[in-house]
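Chemist: Prediction below, plus the sequence it came from.
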Amino acid sequence: MATARDDAADVAAVAVQVRGLTKSYGDVPAVRGIDLRIPAGEIFALLGPNGAGKTTTIEILEGYRARDGGTVTVLGFDPGRQRQRLKSLIGIVLQSAGVDRYLTVSETLAMYASYYPRPRPVGEVIEMVGLERKRDARVIKLSGGQQRRLDVAIALIGNPDLLFLDEPTTGFDPSARRDAWEVVKNLAHLGKTVLLTTHYMDEAQYLADRVAVIAAGRIVAEGPPATLGGREHARPRVRYQLPAGAAPRPGLGGPPDADGFTEFAPDDLTRALSELSGWAVSHEISLETLEIIRPSLEDVYLALTGDHTAEEPGGPQSEPSRGTGPQEGVRAE
Ligand code: ATP
């Protein structure tokens, strides 16, 4: 039997523990028995098509939505019964900001800092999200990407142990996205746990230690992005372009497509490449376009979620609106 000390050690090591989580809206199930275990310090991504149940799951973990069944522990607390105690320990980045647009960046953060018992210094957080040059700019003057950085800063100001990021880079340009990724990676280096949802597979691939794919309210696959769905065992395909009118040697490719590209999936990659290059040299064919292709995270994701369509539940149900911290409903959606 677990002792109190074991439990305390487990709380420190495990940020989120979910068993058999269920939630229905009316009589339509949105979450149908989800299990999750997220160790402290991990970046964990929830992937899944629209309506799969990601937001419902996250809102239950945050304490902003009641569950129907299952057990949930977040940083040692049950968010359903101990939301107040959890609030100052978690940070939430929502998809839509609701801050006073006439305050400056540093005024906004100072205001949010005052809601928390142990906030991070405002200047430090501004630096973490790369808004140093906008510190005295009014929120209304910030670009979309800069406002999202401010959203992240607001979530960080209370110095949370666990950060929820709901589609953190939607609407970002490619360089702002890269910057945001670095911010998230740095959070993990600080020992924070990050739970994010995203529809961008490259984001999950780059950021997440582990991902879970949710489809129609159930987890259909879970693991590190590199090995999800047995990705690392999939046979690689070899692809290259032939000159116009040329045909590949039998066994080294099928009929070329309109652009002259051919491909094949060899049993023995090393031997196939050796045969291919020998044949290409002897026929003076360039292999400049040669590619070795493994299924991407996106390929695996599409295969896993292809059969699942979102269910349409009944009418909307209301529950407490989500906020970034102890002050209730400051940033209602
Ligand atoms: P997305 O990627 O589009 O954000 P999601 O995976 O976050 O989707 P949820 O928002 O959790 O999905 O929705 C799961 C299901 O529950 C969907 O079918 C959705 O229509 C339904 N749903 C969500 N919130 C409510 C609500 N307040 N009232 C009724 N049904 C709801």
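Modeler: That came through, no problem. Keep in mind it's a predicted model, so treat the numbers as computed, not measured.
Chemist: Sort out which residues of stretch 198-216 are buried, please.
Modeler: Residues of stretch 198-216 classed as buried by neighbour count (16 or more other CB atoms under 10 Å): 198, 200-201, 203-205, 207-208, 210-216. Using the backbone N, CA and C atoms, a C-beta is placed for each residue, glycine as well.
Chemist: need the helix or strand of this protein with the lowest average pLDDT.
Modeler: The helix or strand of the chain with the poorest confidence is helix 4-13; it has a mean of 58 (mean pLDDT, DSSP states H and E).
Chemist: Quick one: mean pLDDT for the strand or helix carrying Thr56?
Modeler: Counting by DSSP states H and E, the element that carries Thr56 is helix 54-62. On average, the pLDDT along helix 54-62 is 95.
Chemist: Stretch 264-271 too?
Modeler: Throughout stretch 264-271, pLDDT has a mean value of 93.
Chemist: That stretch: end-to-end distance?
Modeler: Taking CA to CA, to the nearest Å, the first and last residues of stretch 264-271 lie 13 Å apart.
Chemist: Tell me how far the residue located most distally from the centre of the chain lies from the ligand.
Modeler: In terms of distance from the mean C-alpha position of the chain, Ser282 ranks first, at 48.2 Å (CA atoms, centre = their mean). Between Ser282 and the ligand the distance is 53 Å, computed by CB to the nearest ligand atom, to the nearest Å.
Chemist: mind checking the backbone torsions on that residue?
Modeler: For Ser282, the backbone dihedrals are phi -70, psi -20 (criterion: degrees, to the nearest 10).
Chemist: residues contacting it?
Modeler: Ser282 is in contact with no residue at all, counting by CB atoms under 8 Å, 6 or more residues apart in numbering.
Chemist: Can you give me the distance of it to Asp299?
Modeler: 34 Å (CB to CB, to the nearest Å).
Chemist: Show me what the residue nearest the centre of the chain is bridged to.
Modeler: Central residue of the chain (CA atoms, centre = their mean): Ala45, 3.4 Å from the mean position. The residues listed as beta-bridge partners of Ala45 by DSSP bridges are Leu196, Val211.
Chemist: Where does pLDDT dip in this protein?
Modeler: Counting by pLDDT under 70, the ranges of the chain that qualify are 1-12, 95-97, 307-333.
Chemist: So Gly63 sits against Lys87, correct?
Modeler: Yes: taking contact to mean CB atoms under 8 Å, the distance of 7.4 Å between Gly63 and Lys87 places them in contact.
Chemist: ok, which stretches of this protein are strands?
Modeler: Counting by DSSP state E, the chain forms strands over residues 14-25, 28-39, 43-47, 69-74, 90-93, 162-166, 193-197, 210-215, 218-223, 237-241, 261-264, 291-293, given from the N-terminal end onward.
Chemist: Now do the third one: everything it contacts.
Modeler: Counting by CB under 8 Å, 6+ apart, the neighbours of strand 43-47 from elsewhere in the structure are 16, 36, 38, 54, 57-58, 184-185, 188, 193-199, 201, 203-204, 207-214, 301.
Chemist: Could you list which of the residues you listed also contact the ligand?
Modeler: Taking CB under 6 Å from any ligand atom as the test, the ligand is in contact with Lys54 out of the contacts of strand 43-47.
Chemist: which of the residues in stretch 108-115 are buried?
Modeler: 108-109, 111-113, 115.
Chemist: Stretch 272-279 now?
Modeler: Within stretch 272-279, the residues that qualify as buried by neighbour count (16+ other CB under 10 Å) are 272-273, 276.
Chemist: So which of those residues are in helices?
Modeler: 272-273, 276 (DSSP state H).
Chemist: How about Pro39: which residues does it bridge to?
Modeler: Counting by DSSP bridges, Pro39 forms beta bridges with Val14.
Chemist: Check the spacing between it and the ligand real quick.
Modeler: With distances defined as CB to the nearest ligand atom, the gap from Pro39 to the ligand amounts to 23 Å.
Chemist: Going forward, the N-terminal residue is numbered 253.
Modeler: Shifting the count to begin at 253 puts that one at Pro291.
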